[in-house]
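# build the 3D model from these lines:
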Amino acid sequence: MNVVELSNHPGDMLGDAARRRQAAERRVLSVYEDELVRYRARVQTLRVQRDRARARRRWWPWLKLALGVWREKRGLPRPPVPAAGHPTDLEEKIRAGIAGEQLVATELGRALGADWTLLRGYRNRRGEIDHLLLGPRGLFAIEVKNLNATVHVDGDRWRADKHDNYGNLVEQRPVADRLGRSPSGQLNGPADDLERFLRQRGQPAEVRRVVILAHRRSRLGTVRHPAVIVVTSTADVLALIGASPDGQLTRQQRAEIEGLIRRDHEFHGKRRRTGARPPR
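Below you'll find the model as predicted:
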């Protein structure tokens with residue numbers, strides 16, 4: 001299987017999250033260093049005043065200043081707890097997503113031959129698709145979710161139930177991105193746009209939509225009116241591919257579709273970077 005990396009959005013997100021954490025750590029360290037400078041200045045001022053009172057044999061002021069030095073020294077600012085090497089929850093979540101995507105890509109690569117191409121990180125105006133799998137049996141848009149939970153699907157409403165080791169429900173939450181889109185909403189938006197783009201340019205290929213729950217503890221619960229195909233392993237995707245009629249797309253069609261996908265991705269990438277509408 002050929003692999004084409006159009007972009008690495010999760011990697012970019014991970015880098016941004018790490019840079020934000022490191023900047024926050026630097027800010028905390030800077031605040032501590034400023035507090036330490038002020039603390040040392042206060043202690044030194046009291047010491048000078050104390051020693052001056054002693055030299056002048058002013059014992060009562062000397063005693064008060066000596067006590068002041070003692071109290072001030074007890075207020076030494078505490079250094080921040082070192083956070084280097086301890087990623088935030090967001091970083092861990094992104095890394096888990098990257099691991100899930102890589103697992104799927106690796107397993108597809110082991111099973112599919114050179115007539116298949118995996119395009120990773122395609123983006124258009126309506127979002128990103130983790131993987132576009134293109135081969136003689138069709139074009140598949142794949143969204144990978146690395147969820148340690150039982151996932152229930154009702155149309156475009158998704159819910160994740162997490163249980164403890166005794167089977168007790170400990171967490172229940174909607175599965176959605178920061179825009180409130182479920183995995184099917186995340187996938188169908190850009191897939192619809194891609195399908196329309198290909199059709200307008202003479203390649204009316206159907207884009208099959210698949211969400212893989214890639215975590216080894218992922219379970220699929222109740223499924224009603226699914227807007228996409230939902231599976232729990234790469235083997236399920238391979239079975240879906242195997243059940244599709246061979247020869248749906250000729251070599252020439254695949255080459256043209258791949259070129260159009262690259263072109264569309266590049267177009268939207270330039271548009272995001274410049275804000276202008278480049279020639280398409």
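# could you look up the SS state of the residue located most distally from the centre of the chain?
Going by C-alpha atoms, centre = their mean, the residue of the chain most distant from its centre is R57, 68.2 Å out. Of the three states, R57 takes coil under DSSP: H, G, I helix; E, B strand; the rest coil.
# can you classify L238 by secondary structure?
Of the three states, L238 takes helix under three-state DSSP.
# equivalent analysis for S7, please.
coil.
# who's in contact with it?
Residues counted as contacts of S7 (C-beta atoms under 8 Å, 6 or more residues apart in numbering) are R120, G121, Y122, R123, E128, H265, G269. C-beta coordinates here come from the backbone N, C-alpha and C atoms, glycine included.
# with adjacent residues omitted, what lies nearest to the second one?
The shortest distance from G121 to any non-neighbouring residue, by C-beta to C-beta, 6 or more residues apart in numbering, is to S7 (3.7 Å).
# what are the phi and psi values at the residue farthest from the centre of the chain?
Here is the backbone geometry of R57 (degrees, to the nearest 10): phi 60, psi 30.
# ok so, going back, which one of the contacts of S7 has the most neighbours?
Using other C-beta atoms under 10 Å as the neighbour test, these are led by Y122, with 24 neighbours.
# so it, which of the three states?
Y122 - assigned by three-state DSSP - is strand.
# I figured it hits I261, correct?
Yes: between Y122 and I261 there is a contact at 6.1 Å, judged by C-beta atoms under 8 Å.
# mutual contacts of these two, please.
L6, L132, L194.
# from those, pick the one nearest D246.
Distance ranking of the shared contacts of Y122 and I261 against D246, using C-beta to C-beta, places L132 first at 19.1 Å.
# would you map the strands across the stretch 1-150 of the chain?
Here the stretch 1-150 of the chain has its strands, by DSSP state E, counting those that start in this stretch, at 2-5, 117-124, 127-135, 138-145, 150-154.
# name the surrounding residues that touch the second one.
Looking back up the chat, that one is strand 117-124. 1-9, 101, 105, 108-109, 128-135, 190, 193-194, 197, 254, 258, 261-262, 264-265, 268-269.
# narrow these to those that are buried.
1, 4, 6-7, 101, 105, 108, 128-135, 190, 193-194, 197, 254, 258, 261, 264-265, 268 (16 or more other C-beta atoms under 10 Å).
# how much space separates the residue nearest to G121 from T250?
According to C-beta to C-beta, to the nearest Å, S7 stands 28 Å off from T250.
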